[in-house]
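**Student:** Compute the structure for the input listed below.
(chains A, B and C)
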Amino acid sequence: MTFRPAPARGISGATATALDRLPPGVLARLDGLSRRVDHEAGSVILREGGDTPYLAAVESGRVALRLRVAEWGDRLTVVTVEASELLGWSAIVPPFRATVDAVATEPTRLREIDATALRELLGTECDVAAALLPLVLETVTTRLTGSWQQLLDTFGPREFPAW
Amino acid sequence: MAVQPAAVDGSGAPAVQGGRAASVHRPRVGVVKLASCDGCQLTLLALENQLLDIAERFEIVEFAEATSRRSSGPFDVLFVEGSISTPEQAVEIVRLRAATRVLVTIGACATAGGIQALRTASEHEAFRHAVYPAPAFVDSLEEATPISAHVTVDAELRGCPIDGGQLLELLTAVATGRRPQLPDQAVCLECKRRGYACVVVSRGEPCLGPVTQTGCGAICPGMARGCYGCFGPREGANVDSLAEWYIDGPGSGGIAPPDVGRLFAGFTGAAPAFRGITDRLAGRPRLPLAVATAHPPELAATAPPRWSDEPPEGKAADAHE
Amino acid sequence: MVTQPAPTGWATSGPDSRAAARFLPWSRFDELIDALWADGRTVVAPVVEDGALKIAELARTSELPFGWVASTAPGIARLDRRPEGSPAAGRAFDNGTAWSGIKPWTFPAKVESLSVESGADGRLAVRVERPPSQPLAVVGARACDLAALAIHDRVLAGGPAIDPDYASRREDLLVVAVECALATSTCFCASMGTGPEVTSGADVVLSELDGGFVARADTTAGRHLLERLELPSAETEAVERATRQVAATRASMGIAVETEGLPERLLANLESPRWDEIAERCLACANCTLVCPTCFCTGMTVTSDLAGRASSAARTWDSCFTAGFAQVAGGGSFRPRHRDRYRQWLTHKFGTWWEQFGSSGCVGCGRCIAWCPVGIDVREELAAIAGKPLTTAEPSVPADDAAFAATAPVLVPGTRVLAIAPAAVEPASLRVEYVPATVVDVHPETADTSTLRLRTDDPALLAARPGQFVMVAAPAFAIPPISISRIRPDGLELTIRAAGAATSFLARLRPGAELALRGPLGRPWPIEDAEGRDVAIVAGGIGLAPLRGLLDEVLAAPDRFASVRLYLGARTPRDRLFVAEIDALIARGLDVRATVDRAGPEWLGRVGIITELFRGAKATGANVTAFVCGPERMMSAVVDVLADLDVPPEHTWLTLERRMECGVGLCGHCQLGTRFVCRDGPVFSVAELGDDLRREGL
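**Tutor:** Residues are numbered from 1 along each chain as shown, chains lettered A, B, ... in the order given. So this is what the prediction gives:
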């Protein structure tokens, strides 16, 4: 017996990219700075400590954000970024360096907005900044609060005494 | 050191078949002492009805009070009596820990420093001279400290002396691989279960039961006197509130603050929760320094060291106001 | 004896009852005691022990506290001799309440309840201890004691589970009550509507006058007793004196507790700064709970032999003031601070008790005030927290004052009369017996978690429902509650994480081992609530175990539901449970979304907290029924996300973790607000829990 899929029922995930939530005018201006790029599974998109060349919206696929931790084989995934989320917030946050390695774990399509051009645009176009920055902040906040939850290690074994 | 909750058979987790642990060999048990009176060790010998059972289940490889057989380890279970009072003991306990899987401290000395830790509140040199005519031959540390200040301790049996029932419970837990039930509640629970009326309430007798860990069977309240805290502070001991009641309370109050402070300065007086209130209310005890420099014959004629009548620098008075 | 003709008082009774009032002169008091002994009863009564009044076994009448009088204040209880020659110096019961009450006799501090023994053949023998018949007579019980007894009847013998020891002792109890001629300063039974008049619960009621007692029988057993003594009728004048005496006692009770709306006022102030202030004074020594005649919380203490073959468990008085009381496997406590513990006690006693048991948990005996070693006065704390001032009644001249002539007892306005609601559930519907089960397979799931497959032919266990749990007994260990992770035609599966000694032991068992199970217990997942709706099953870590049976049932008839989705969170990929099963379900088309909190490079799936699985989803949850299980912190985060997605709170179901020591609502450990998690849950809807969900968490 198989279960019938019911994609339209219940809590259904949105497939739109994060940028689709921007007003059309802002979106149009970003269009000029962006390009669609396909990354194969396994390709390194960002390197921890390296420059962040673009802010990207994940259109499909999955990107693992990894820290180099020896006991995890130098590749500990702390979070994955999926369709509808932003990648590379450090493109517009000084010092514009990636805080993690970002590696595609499956074929991934990104819509990449050039970092230099974007920073310039944000410096001059207040309406673009006003629309885009909350989205970026939301991304950072999500990572932050997610880290808090992970810090609690809620699923982990609670410590118990020697006995 | 994390000890897994497994039967201590020297081989890690035991094979469990048909719901029973099949021991591979008898756990090697040692009983050693540091700075102490030997009373707690004797509690083991006092378990007369269970001694044969214990000897059958455990291989007692070191126990100076019971056998001339000696061992320096390794131990599956080591009962350590006494506090660390000399430099040699500070070294020895590290060696013992390394040779031991489950280290259990027994008694007020090992768990809180014991009566000898009261010297921590005084000038060490003066104390040495007061006690020993020729202290040059005595190599003691300035502080007597509990074992837990030096090495990781897996379980504590409190009391002066320890309770035989708790010791048997611990041995049983070790033998069966479960956690020993050593409650951290106040003495009051056992006191009321046994049907003793509260001596604080019915007589105004100062009692440390509400802030002291249970395990003794509420012996002292059972004799209509106050608990003197030999099991040491319990979890969440609210010593400030109790002390305040003995100073100012309508029923039991009227005790001078320094005397209230000294109520806590007993066998477990060096435990931080008790020590704090003693220091605050009674101040540091002073020894007459004249004694410290006295020649032995004169020493014999001198009054023994005593607690000061007044707390120094109005410390207690400040705390009290 | 629990027979109950209409309760009567001295003055309120009709002419017949008045005629039935007898006079028992002191010279014949021994005949009463002799009659009780002749019936084979142990007789207990107030005696002086260690400078206090205590209910103890009476060897002779002269042991009664003749001429003693108690005085109390917060933190103080003293017993003094009345002056020689004073009228009351010849009285034995005119002296206040005994500190320990009658609870130690009806509900002893320690009672052997269960023994588990592993035989040479590996078979397990489990015996639930049944107390022998032990006929008891209490002489000198007070109105507050009897009100407390009525509360215990409801709590311990009113169902759905019945404490066998209590029920047996209660069956054999005969009560000779004495109405109080003296209220000490801590007494407030008049406020709580429980006294000082004895209106119910006694077989015989006495009122002590100089020279003897006015006596009446309130039950058949009491009537038989008095008839045997062939006592003369009481003079009308004596009956009136008895009436005036107890009325004077009522009038002399000073400070009252404002009971009007008290539960609501108290529960509205759960964040009062006063709780912190009390915590500075409170020793959390538990004395208040141990002298309280209604406090019923107990713990299970297990002792075993050195061989680990036999153990016995005893039901032992415990207290919500201890750290261990609200501790769960792994060491976390739901009430780490004194503040949490005092709040739990006071709000239960005066607040949530009403909803649980249909009455206040306080009978106004004042023992918790007098016997608090630092004199904390609940009357004062209630007034400070619940927000109404103390009302002080005019202290009156006690006893024998003509001013009280013919004053019938009148309840203080605004007092709720103690009324014990009948049990909501069929009594004794929760089983206390254990049945054997044999381990037939042990399947390791993760490094610390295993699934035990147990075979049993017990029909009740085989009829278990997903979400229920069993108590699992093995020799030498505490008896943990374990949720059922699968119900099979021939037994059960339990998925156990080694979080403590008992669970470690269980996780190490081998096929052939025998265990004893009690259950199934608790409220199951309400699968019917999801009928025709979209099912979202959300599991974090070991929380998947109690949901596995639900998943089985849902997937057995998927057409009953509009859709089914499974959301899984785990700590790392290696900590995922039932991996092969879940993969098989995915292969069959089930929509499974999984994430782990962290992962190595081999994991190509999603990483992030479980709420990330709902990121970007549209608010389309109105038709969803969600079943959520995991650590409380995770559940509260998931509940927030589901609410944002419009999943209705009455269709969001959780299973709570608490310390469940008895499993049937008798031990008090798992209390949460108005509920016992073991008995009323562990499954609750978010709507049912309300604010309780986040009030005490780990």
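
**Student:** show me where the stretch 101-250 of chain B has helices.
**Tutor:** Here the stretch 101-250 of chain B has its helices, by DSSP state H, counting those that start in this stretch, at B:107-112, B:124-131, B:164-176, B:187-193, B:199-203, B:219-222, B:239-248.

**Student:** Pick out the shakiest of these, pLDDT-wise.
**Tutor:** Lowest mean pLDDT of these: helix B:124-131, a mean of 78.

**Student:** could you give the mean pLDDT of the helix or strand containing residue A:106?
**Tutor:** Assigned by DSSP states H and E, residue A:106 falls within strand A:101-114. On average, the pLDDT along strand A:101-114 is 95.

**Student:** Also stretch C:577-589?
**Tutor:** For stretch C:577-589, mean pLDDT rounds to 94.

**Student:** now stretch C:559-568
**Tutor:** Taken as a whole, stretch C:559-568 has an average pLDDT of 93.

**Student:** about what we covered before: please point out which parts of the strand holding residue A:106 sit buried.
**Tutor:** Across strand A:101-114, burial judged by 16 or more other C-beta atoms under 10 Å in any protein chain shown covers A:101-106, A:108-114. (Each C-beta comes from the backbone N, C-alpha and C, glycine too.)

**Student:** what's the closest residue to residue C:673 other than its chain neighbours in contact with, if anything?
**Tutor:** Using C-beta to C-beta, 6 or more residues apart in numbering or on different chains and skipping residues adjacent in sequence, the residue nearest residue C:673 is residue C:692, 4.2 Å away. By C-beta atoms under 8 Å, 6 or more residues apart in numbering or on different chains, the residues touching residue C:692 are C:672-673, C:675.

**Student:** Where does pLDDT dip in the stretch 201-321 of chain B?
**Tutor:** Across the stretch 201-321 of chain B, residues meeting the criterion (pLDDT under 70) sit at B:284-321.

**Student:** Near chain C, which residues of it are found?
**Tutor:** B:201-204, B:207, B:209-211, B:224, B:235-236, B:238, B:240-242, B:244-245, B:249-252 (C-beta under 8 Å from any C-beta of the partner chain).

**Student:** Got a PyMOL select line for the buried ones in the residues you listed?
**Tutor:** Selecting only the buried entries of these in PyMOL, with 16+ other C-beta under 10 Å as the criterion:
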select buried, chain B and resi 201+202+203+204+207+209+210+211+236+238+240+241+242+244+245+249+251+252
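
**Student:** next helix or strand past the helix or strand of chain C with the lowest mean pLDDT?
**Tutor:** In chain C, no helix or strand scores lower on mean pLDDT, DSSP states H and E than strand C:391-392, which sits at a mean of 48. Under the assignment DSSP H and E, the closest C-terminal helix or strand after strand C:391-392 is strand C:435-444.

**Student:** picking up where we left off before, from the helices of the stretch 101-250 of chain B, which stretch is densest packed?
**Tutor:** helix B:107-112 (a mean of 32; mean count of other C-beta atoms under 10 Å in any protein chain shown).

**Student:** same for that helix, what does it pack against?
**Tutor:** Of the remaining helices and strands, those touching helix B:107-112 by 3 or more C-beta pairs under 8 Å, 6 or more residues apart in numbering or on different chains; DSSP states H and E are helix B:39-45, strand B:75-81, strand B:155-157.

**Student:** Note down every partner strand of the last one and its orientation.
**Tutor:** The strands that strand B:155-157 pairs with in its sheet are strand B:100-106 (parallel) (by DSSP bridges).

**Student:** Kindly export the strand it pairs with (C-alpha atoms) in PDB.
**Tutor:** Listed in PDB are the C-alpha atoms of strand B:100-106, where the atom choice follows Å, rounded to 0.1, in the frame of the first residue of the first chain:
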ATOM      1  CA  THR B 100      39.800   3.500  41.600                       C
ATOM      2  CA  ARG B 101      36.600   3.100  39.500                       C
ATOM      3  CA  VAL B 102      34.000   4.300  42.000                       C
ATOM      4  CA  LEU B 103      35.300   6.500  44.800                       C
ATOM      5  CA  VAL B 104      33.000   6.900  47.800                       C
ATOM      6  CA  THR B 105      33.800   9.400  50.500                       C
ATOM      7  CA  ILE B 106      32.500   8.400  53.900                       C
END
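
**Student:** part of a helix, is residue C:77?
**Tutor:** No - in this structure, residue C:77 is strand, not part of a helix, as judged by DSSP: H, G, I helix; E, B strand; the rest coil.

**Student:** burial count for the closest residue to it other than its chain neighbours?
**Tutor:** In this structure, residue C:77 finds its nearest non-sequential neighbour in residue C:370, 4.6 Å apart by C-beta to C-beta, 6+ apart. For residue C:370, the count of nearby residues is 31 (other C-beta atoms under 10 Å in any protein chain shown).

**Student:** What are the phi and psi values at residue C:370?
**Tutor:** Backbone torsions for residue C:370, taken as degrees, to the nearest 10, come to phi -70, psi -40.

**Student:** what residues does the stretch 301-450 of chain C put near chain B?
**Tutor:** Counting by C-beta under 8 Å from any C-beta, the stretch 301-450 of chain C sits next to chain B at C:301-309, C:316-319, C:322-324, C:337-338, C:370-375.

**Student:** rerun at 6 Å
**Tutor:** By C-beta under 6 Å from any C-beta of the partner chain, the residues of the stretch 301-450 of chain C that approach chain B are C:304, C:306, C:308, C:317, C:322-323, C:371, C:373-374.

**Student:** Spatially central residue for the chain, please.
**Tutor:** As the question left the chain open, I've gone with chain A. Centre of chain A computed as the mean C-alpha position; nearest residue by C-alpha atoms, centre = their mean is residue A:87, 2.9 Å away.

**Student:** To clarify, I was referring to chain B.
**Tutor:** Centroid check for chain B by C-alpha atoms, centre = their mean gives residue B:108 as the closest residue, at 1.1 Å.
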